[in-house]
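# need a structure here:
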Amino acid sequence: LPASATLAQTQSTKPGAHAGTQIAFPASVGGATLERSVNYAGPPSNRPDQGVRYFYSTPKKMVIGVHLYDGGRRVPQGSANPVVIDEFMGALGSAEAQVRHGGYTGFERPPAPSTCTFGSVSFRCITYSAVNQGNARLFTKLMMTGYRDHFLQVQIDWSQARGQSAADADAALKAF
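Just a heads-up that it's a prediction; the model follows:
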């Protein structure tokens with residue numbers, strides 16, 4: 001099969017629920033619209049430990065990504081345990097490498113992550129940024145916690161050049 005046909009087998013825009021955590025992913029939540037989901041357990045990757053990602057777009061055209069996976073192990077509840085802390089730092093390192101590989105420059109992040117709380121769920125979180133080839137600074141808020149034996153990773157991307165702000169991102173996450 002051509003690569004595009006293979007990729008299409010793993011993507012869906014159907015609403016659903018994540019089997020392991022029972023988190024529902026409806027067509028719309030908090031004003032954000034489900035654009036697609038990617039299931040890594042099926043072909044071509046066949047990596048059930050890498051779970052599934054859901055991508056939503058907000059009315060202000062920001063992208064919220066939710067990744068649920070277990071990494072092949074039991075994940076303790078919460079954001080302050082060593083398993084989540086190590087995974088979060090690995091995800092941050094991977095994000096920085098991808099940003100640099102993508103031709104972005106000026107990667108910036110605070111020296112240490114903080115804690116963000118949405119409802120009753122606390123996340124380890126950090127906001128990082130980099131400059132694209134058009135000289136616009138792009139921002140990402142990365143958050144992670146352990147939830148029902150899985151890593152729950154949420155991120156939102158925005159750009160001031162598109163009239164988006166950190167306040168817009170936080171408002172979208174709160175509504176989400």
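
# which other helices and strands contact the helix or strand where L68 lies?
With the criterion set as DSSP states H and E, the secondary-structure element containing L68 is strand 63-69. Packing contacts for strand 63-69, counted by 3 or more CB pairs under 8 Å, 6 or more residues apart in numbering; DSSP states H and E, involve strand 52-57, strand 150-159. (C-beta placed from N, C-alpha, C; glycine too.)

# which residues does that strand contact?
For strand 63-69, the external contacting residues (CB atoms under 8 Å, 6 or more residues apart in numbering) are 18, 20-21, 23, 25, 32, 35, 40, 49-58, 147, 150-157, 172-173, 176.

# the nearest residue to R74 once chain neighbours are set aside: how many residues sit nearby?
Once its chain neighbours are removed from consideration, R74 has its nearest residue in D149; the separation is 5.3 Å (CB to CB, 6 or more residues apart in numbering). As a burial measure, the neighbour count of D149 was computed by other CB atoms under 10 Å and equals 13.

# ok, now T140?
By the criterion of other CB under 10 Å, T140 has 20 neighbours.

# what do you get for G71?
Other residues within reach of G71 by the criterion other CB under 10 Å amount to 14.

# one more: Y69?
Burial of Y69, expressed as a neighbour count using other CB under 10 Å, amounts to 22.

# dig out what it forms beta bridges with.
With DSSP bridges as the criterion, the beta-bridge partners of Y69 are F151.

# rewinding a little: the contacts of strand 63-69, buried ones only, as a ChimeraX selection?
Here is the ChimeraX command that selects only those of the contacts of strand 63-69 that count as buried (16 or more other CB atoms under 10 Å):
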select :18,20,23,25,32,40,50,51,52,53,54,55,56,57,58,147,150,151,152,153,154,155,156,172,173,176
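
# circling back: report the inter-axis angle for the strand holding L68 versus strand 150-159.
Note on geometry: by axes from the mean of the first three to the mean of the last three CA atoms, to 10 degrees, strand 63-69 and strand 150-159 are set 160 degrees apart in direction.

# wait, isn't the residue nearest to R74 in contact with V75?
Yes - using CB atoms under 8 Å, D149 is in contact with V75, at 5.5 Å.

# and the spatially closest residue to P110 that is not a sequence neighbour, what element?
Of all residues not flanking P110 in the chain, I126 sits nearest, at 6.2 Å (CB to CB, 6+ apart). Secondary-structure element containing I126, defined by DSSP H and E: strand 121-131.
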